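Q: 3D model of this:
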Amino acid sequence: MRAIRFVTATRDDEATFRRTSHLFRSLGEREDLYVACQNREGLSKLYNRFLDGDTAAFTFVGPPPGIRAADDIIVFLHDDVEVVGGNYVAELNHWVDEGFSILGLAGAMRAQVRSPAFWHLMGGRNDMSGVSVYTNNQIDPNGKTVNVPDKPFPIMFGHLGEVVLLDGLFMAIALDRADAAGWRFDEAFDFHHYDIASCIRARDLGLRLRTVFVPVVHWDTGLNRTDPAWAASNDRFVAKYGERRLYVNP
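A: Residues are numbered from 1 along each chain as shown. Model (predicted):
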């Protein structure tokens, strides 16, 4: 059985993270949980440092840590994710044993790269995959995102299975497979598009991706598409990956 190591980044200091984080409350008392506190570094570079064995930027906030092994499953997840159920140890190990290298909770089975570059908008409604994500964001009648702090509701994207893109809120990496393929997160992207760009790189290297069943609540504050940083990242992503068509088992 492969060990599971959870890794996140937060803008909060350690004391605030321990006191207020849904992630710490759900995992910190019982799992290996590493957090980069007061982080300003792009997630791709930060995550790659952990994959390469450099944990200096991370604070260990779980129980006594185990020994990091070459065949660990490293789960990178956002600090606003709360793991609320499911046997994730067995679930992740099972699908890695079945030949998958990167696992997530929501993604697309088919997509065509275009703007705006969101995994769920670059494909059709029937191309979505994922069943275990709860969110506190809702869309009002005017099409605006509304944050409802205490009332998360489930999002059923579609049946679980092999995908070409995964949402970065939760990405579980089979470390030995990533090392053998020479895969790392795409450092051309920092806080936006790093997830889908890195999925394309993984597919190009022959790694297989899949959605799995790990129930979580994503306590999301929403994305501002008018943010200049997001817009610039979107332009870079579309320019780099062009009009690529992505399919499961093309």
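Q: surely Phe185 meets Tyr47?
A: Yes - with contacts counted by CB atoms under 8 Å, Phe185 reaches Tyr47, the gap being 5.1 Å. Any C-beta I mention is one placed from the backbone N, CA and C, and that applies to glycine too.
Q: what lies in contact with the helix of greatest length in the chain?
A: Using DSSP state H, we find that the single longest helix of the chain is helix 228-241. Applying CB atoms under 8 Å, 6 or more residues apart in numbering, the contact partners of helix 228-241 are 113-117, 188-193, 196-197, 200, 223-225.
Q: report the buried members of the residues you listed.
A: Listed as buried from the contacts of helix 228-241 are Val113, Ala117, Phe189, Asp190, Phe191, His192, His193, Ile196, Ala197, Ile200; burial here means 16 or more other CB atoms under 10 Å.
Q: of those, just say which sits nearest to Glu98.
A: Ile200 (21.9 Å; CB to CB).
Q: now that closest one: phi and psi?
A: Listed backbone geometry of Ile200 is phi -60, psi -40, with angles given as degrees, to the nearest 10.
Q: if I look at the closest residue in space to it that isn't next to it in sequence, how far off is Tyr88?
A: Nearest non-adjacent residue to Ile200, counting by CB to CB, 6 or more residues apart in numbering: Tyr241, 6.0 Å away. Tyr241 sits 30 Å away from Tyr88, going by CB to CB, to the nearest Å.
Q: cool, and Leu46?
A: On the measure of CB to CB, Leu46 and Tyr88 end up 22 Å apart.
Q: now swap in Tyr194 and tell me
A: Distance, Tyr194 to Tyr88, by CB to CB: 23 Å.
Q: do the same with Leu205
A: Going from Leu205 to Tyr88 by CB to CB gives 25 Å.
Q: now Thr16
A: For Thr16, the distance to Tyr88 - CB to CB - is 26 Å.
Q: compare those two and say which is more crowded by neighbours.
A: Ranked by neighbour count (other CB atoms under 10 Å), Thr16 and Tyr88 place Tyr88 first, with 23 against 13.
Q: for that one, which non-adjacent residue is spatially closest?
A: Per CB to CB, 6+ apart, closest to Tyr88 is Val214, 4.6 Å.
Q: what's around that neighbour, how many residues?
A: Neighbours around Val214, by other CB under 10 Å: 24.
Q: contacts only, for it.
A: Applying CB under 8 Å, 6+ apart, the residues near Val214 are Val83, Gly86, Tyr88, Glu91, Leu92, Leu105, Ser132, Phe170.
Q: just the buried ones among the residues you listed, please.
A: Members of these classed as buried by 16+ other CB under 10 Å are Val83, Tyr88, Glu91, Leu92, Leu105, Ser132, Phe170.
Q: bridging residues for Val216?
A: Val83, Val133 (DSSP bridges).
Q: for stretch 230-244, which positions count as buried?
A: Trp230, Ser233, Asn234, Arg236, Phe237, Val238, Tyr241, Arg244.
Q: do I have it right that Ser198 meets Ala188?
A: No - if you go by CB under 8 Å, Ser198 and Ala188 don't touch, sitting 9.9 Å apart.
Q: please enumerate the shared neighbours of those two.
A: Taking CB under 8 Å, 6+ apart as the contact rule, Ser198 and Ala188 both touch Ser44.
Q: if we can go back for a sec, isn't there a strand covering the residue nearest to Tyr88?
A: No - under DSSP: H, G, I helix; E, B strand; the rest coil, Val214 sits outside any strand and is assigned coil.
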